[in-house]
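>>> pasting the structure only:
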């Protein structure tokens, strides 16, 4: 399974931690580090989204203001292969997010919640578990 990590550039270090944990679990991960100076950013992101089977979206005050993150979420919601494989990760206290910034549809998806201090490997493994749970549920549904 190839996983796309959607995040604000301000959350790069957390995205990298999550990518490493997902890779240790045997998943193929795209987190934006593959974009090199001079590359067409939009083409690289578009290609990665089209190749991905799942998305982890880091929801922070910065990412919720990002048009790019919004577009990536909209893409995943419109693709059947992302069904049950769009994992929102709420970083920080839910109280700090305003209702107008938070995409309403994400309230209906299984969400992993991390406090800002929960950025250790054990807590971040919840994301891997959510991806594998959704993957096995999908396999069971198809049988």
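Done, it's in. Predicted model only: the values in this text are computed from it and were never measured.
>>> Residue 109 and residue 86, how far apart?
With the distance defined as C-beta to C-beta, to the nearest Å, residue 109 ends up 6 Å from residue 86. All C-beta spots, glycine's among them, are computed from the backbone N, C-alpha and C.
>>> the more surrounded of those two?
residue 86 (23 against 13; other C-beta atoms under 10 Å).
>>> pretty sure that one is touching residue 73, no?
Yes: in this structure, residue 86 is within contact of residue 73 by C-beta atoms under 8 Å, at 7.5 Å.
>>> Identify the contacts common to these two.
55, 57 (C-beta atoms under 8 Å, 6 or more residues apart in numbering).
>>> Can you report how many residues lie near residue 32?
Residue 32 - counted by other C-beta under 10 Å - has 18 other residues nearby.
>>> Would you agree it falls within a strand?
No: Residue 32: not assigned to a strand; according to DSSP: H, G, I helix; E, B strand; the rest coil it is coil.
>>> Please name the nearest non-neighbouring residue to residue 63.
Excluding the flanking residues, the one nearest residue 63 by C-beta to C-beta, 6 or more residues apart in numbering is residue 8, at 4.0 Å.
>>> What distance do you get for that neighbour to residue 122?
For residue 8, the distance to residue 122 - C-beta to C-beta - is 24 Å.
>>> What is the burial count for residue 56?
26.
>>> actually residue 101, not the one I wrote
If we define neighbours as other C-beta under 10 Å, then residue 101 has 12 of them.
>>> where does it land in three-state SS?
Per three-state DSSP, residue 101 ends up coil.
>>> quick one: contacts for the residue most central in space within the chain?
For the chain, the residue nearest the mean C-alpha position is residue 56 (1.5 Å; C-alpha atoms, centre = their mean). Residue 56 is in contact with 3-6, 18, 22, 87, 89, 127, 131, counting by C-beta under 8 Å, 6+ apart.
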